[in-house]
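*Asks:* mind folding the following:
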Amino acid sequence: MPGTLLIDEIVERVLQRIAEADPAQTIVGISNRHVHLDDADFHTLFGYAKPTVKKYVRQRGEFAAEETVTLHGPRGHMDRVRVMGPNRPATQVELSRTDCFALGVAAPMAQSGNLAEAGPIEIEGPVGRVVKAHAAIVAGRHIHMGPDDAARLGVKDQDRVSVVFGGERGGRLDQFLVRVKESFLLELHLDTDEGNAIGARTGDYVTICDVPRRTSP
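*Replies:* This next block holds a predicted model:
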């Protein structure tokens, strides 16, 4: 809607000014459990082709969908798990470690899209089910950024950096993977376990530190 798009544009301009003033500052996004589906699995679960937009998220073109699924594991199930859109080339279920214990799912920590060692899980939709041998992961902590952000910070794609969090439970977390892509907006992602442990919330600002040193050619 035009009003929503205008608000998003204003917010993005404000965030850009903050980044220009202090390039080491980045906004936090806490990721709850969610599911990305490929076209075939989405159709099996819902009986139609594409997810319906509920709310756009910060990264361009990505959204929380109206659709939800039920996840099944050896120990139990979780209802109303949000589908994220648009559909992707491979189905991926992102869980916290606490979720894995509750479901009885053996999911490794991995970066998005790295599913070779991902754990098995069953996904139920309104009209069907799919059983995936390699879909469940605990998403590794990471920071999205565009090329301009990376240049300001002096980092490159696949670098690892540390981040300092403020607040009463604040501290420092290491091993954030830098992910650089033209379409990305600057944003740090943690799962709910990590966010709760360090007292971080979506919309907080944190400071990137320990940027890898570059040697002159």
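*Asks:* dihedrals phi and psi, the closest residue to residue 117 other than its chain neighbours?
*Replies:* Leaving aside its sequence neighbours, residue 117 sits nearest to residue 108 (C-beta to C-beta, 6 or more residues apart in numbering; 5.2 Å). Placement of C-beta: from N, CA and C, glycine included. Backbone torsions for residue 108, taken as degrees, to the nearest 10, come to phi -80, psi 160.
*Asks:* which residues touch residue 108?
*Replies:* Each residue near residue 108 by C-beta atoms under 8 Å, 6 or more residues apart in numbering is listed here: 117, 118, 119, 137, 138.
*Asks:* tell me where this structure has helices.
*Replies:* Under the criterion DSSP state H, the chain carries helices at the ranges 2-21, 39-46, 97-103, 147-153, 192-198.
*Asks:* quick one: low-confidence ranges for the chain?
*Replies:* 1-23, 213-217 (pLDDT under 70).
*Asks:* please redo it, this time with the cut-off set to 90
*Replies:* 1-24, 210-217 (pLDDT under 90).
*Asks:* domains in it, by residue range?
*Replies:* Using automatic domain parsing, the domain parsing of the chain gives 22-30+141-209, 32-139.
*Asks:* now residue 121, nearest residue through space, not along the chain?
*Replies:* According to C-beta to C-beta, 6+ apart, the nearest residue to residue 121 is residue 136 (4.3 Å).
*Asks:* hmm, residue 107 and the one you found touching each other?
*Replies:* Yes - judged on C-beta atoms under 8 Å, residue 136 makes contact with residue 107 at a distance of 4.0 Å.
*Asks:* picking up where we left off before, tell me the contacts of the residue nearest to residue 121?
*Replies:* Taking C-beta under 8 Å, 6+ apart as the criterion, residue 136 is in contact with 93, 95, 100, 105, 107, 118, 119, 120, 121.
*Asks:* I figured the fifth one hits residue 132, correct?
*Replies:* Just to be clear, that refers to residue 107. No - at 11.3 Å, residue 107 does not count as touching residue 132 under the criterion of C-beta under 8 Å.
*Asks:* can you map out the strands along this protein?
*Replies:* For the chain, the strands defined by DSSP state E occupy 25-31, 34-36, 53-56, 63-72, 77-85, 92-94, 109-110, 119-124, 129-139, 142-145, 160-165, 171-180, 187-191, 205-209.
*Asks:* residue 152 is nearest to which of those?
*Replies:* strand 142-145 (9.0 Å; C-beta to C-beta).
*Asks:* how about that closest one: buried residues?
*Replies:* The neighbour-count criterion (16 or more other C-beta atoms under 10 Å) identifies 142, 143, 144, 145 as the buried residues of strand 142-145.
*Asks:* still on that earlier bit, between residue 136 and residue 107, which contacts overlap?
*Replies:* By C-beta under 8 Å, 6+ apart, the residues touching both residue 136 and residue 107 are 93, 95, 100, 118, 119, 121.
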